[in-house]
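Enquirer: My questions concern the predicted model and sequence given below.
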Amino acid sequence: MNPQDILHHLDQGRLWAAPLSNDTAFDLPAAYARALQVRALRIARGEAPRGYKVGFTNRTIWPRYNVFAPIWGTVWDSTLTFCEGVGDVKLHATCQPRLEPEIVFGMSATPAPEATLQDLFNAIDWVAPGFEVVQSHLPDWKFLPADTIADGALHARLLVGSKVAAGTLASDAAALDSLLAQAKVTLSRDGQAVESGEGANVLGSPLRALLHFLETLRACPGAPDLLPGDVITTGTWTDAWPVEPGQAWKAAFSLPGFALEARFTD
């Protein structure tokens with residue numbers, strides 16, 4: 001499929017006829033190039049990039065999806081919603097949607113070249129709980145990594161909860177890294193707990209996941225750098241759970257003020 005075909009399936013919430021990875025020449029660099037072409041089409045029609053989704057940072061779920069390294073894609077003004085703890089998310093035109101509880105960062109500056117964790121901390125404005133809705137345009141979520149990358153890193157929606165200034169959570173990168181790594185989350189559906197997870201699941205901590213993403217982004221030909229105002233969601237602390245209209249989900253993090261509720265509609 002060409003970029004316009006991918007975008008059409010994305011808009012319609014329709015399955016692809018076949019994996020792009022059926023072509024053995026369609027490797028990871030080719031997949032990112034294709035994803036950037038789709039990004040250009042979305043910008044041309046008036047959508048605005050608002051940041052990035054980082055996926056498959058949770059090593060505990062790699063064997064389930066046959067993906068063994070993180071990937072990334074673009075978050076859009078059309079897919080991003082902010083709320084103050086409780087929000088509504090429309091699932092219309094998503095394809096086999098699943099839900100992930102994550103930590104989200106907002107950037108105040110572009111991180112320094114060859115950034116350290118401390119440089120990254122200095123460039124972060126706020127931290128917040130988030131729900132990312134991921135999707136797959138291949139049946140039964142069966143794909144290879146190149147498919148997921150070309151598929152916009154599976155990003156469909158992002159709900160961001162109440163923001164907390166990074167400096168009020170921790171005094172420096174080491175403290176924030178440790179705080180987020182040790183934090184826990186309980187994910188509930190319609191009042192019933194379904195799974196628990198921890199920040200250490202995502203490459204050691206969400207801050208480390210962010211640094212890994214930054215290095216990967218800057219190594220990708222043609223990819224734009226992080227900018228002030230960008231929003232980055234850093235990967236699920238649990239498995240990705242199927243979600244349907246009419247359900248209500250809650251993520252209760254063990255960080256003061258970090259709770260998020262989402263009501264899903266069609």
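Expert: Looks like it came in fine. Numbers count the residues shown, from 1 in each chain.
Enquirer: average pLDDT for the helix or strand that contains L180?
Expert: According to DSSP states H and E, L180 maps onto helix 173-182. Helix 173-182 comes out with an average pLDDT of 98.
Enquirer: Check which helices and strands the next helix-or-strand element following it sits against.
Expert: Next in sequence after helix 173-182, counting helices and strands by DSSP H and E, comes strand 184-189. Counting contacts by 3 or more CB pairs under 8 Å, 6 or more residues apart in numbering; DSSP states H and E, strand 184-189 is packed against strand 98-107, strand 192-198, strand 248-253. In this view, the C-beta of every residue, glycine as well, is placed from N, C-alpha and C.
Enquirer: Now do the helix holding L180 and strand 248-253, the angle between them.
Expert: Angle, helix 173-182 to strand 248-253, by axes from the mean of the first three to the mean of the last three CA atoms, to 10 degrees: 130 degrees.
Enquirer: How about helix 173-182, which residues are buried there?
Expert: For helix 173-182, the neighbour count (16 or more other CB atoms under 10 Å) marks 173, 176-177, 179-181 as buried.
Enquirer: now that helix, how far from the chain's geometric center?
Expert: The chain centre lies 20 Å from the centre of helix 173-182; the measure is CA atoms, centre = their mean, to the nearest Å.
Enquirer: Restricting to C-alpha, output that helix in PDB.
Expert: Extracted C-alpha coordinates of helix 173-182, given in PDB (Å, rounded to 0.1, in the frame of the first residue of the first chain):
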ATOM      1  CA  ALA A 173      16.500  13.600  37.000                       C
ATOM      2  CA  ALA A 174      17.700  10.900  39.400                       C
ATOM      3  CA  ALA A 175      14.900  11.600  41.700                       C
ATOM      4  CA  LEU A 176      12.200  11.600  39.000                       C
ATOM      5  CA  ASP A 177      13.700   8.500  37.400                       C
ATOM      6  CA  SER A 178      13.500   6.600  40.800                       C
ATOM      7  CA  LEU A 179      10.000   8.000  41.600                       C
ATOM      8  CA  LEU A 180       8.500   6.900  38.300                       C
ATOM      9  CA  ALA A 181      10.300   3.500  38.200                       C
ATOM     10  CA  GLN A 182       8.900   2.600  41.700                       C
END
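Enquirer: So what touches it?
Expert: 103, 116-118, 120-121, 127, 166, 169-170, 198-200, 204-208, 255 (CB atoms under 8 Å, 6 or more residues apart in numbering).
Enquirer: one step back: for G46, find the nearest of the helices and strands packed on strand 184-189.
Expert: Nearest to G46 among the helices and strands packed on strand 184-189 is strand 98-107 (23.2 Å), distances taken as CB to CB.
Enquirer: Give the partner strands of the closest one in its sheet and their orientations.
Expert: Paired neighbours of strand 98-107 in the sheet (DSSP bridges): strand 124-134 (antiparallel), strand 231-233 (antiparallel), strand 241-242 (antiparallel).
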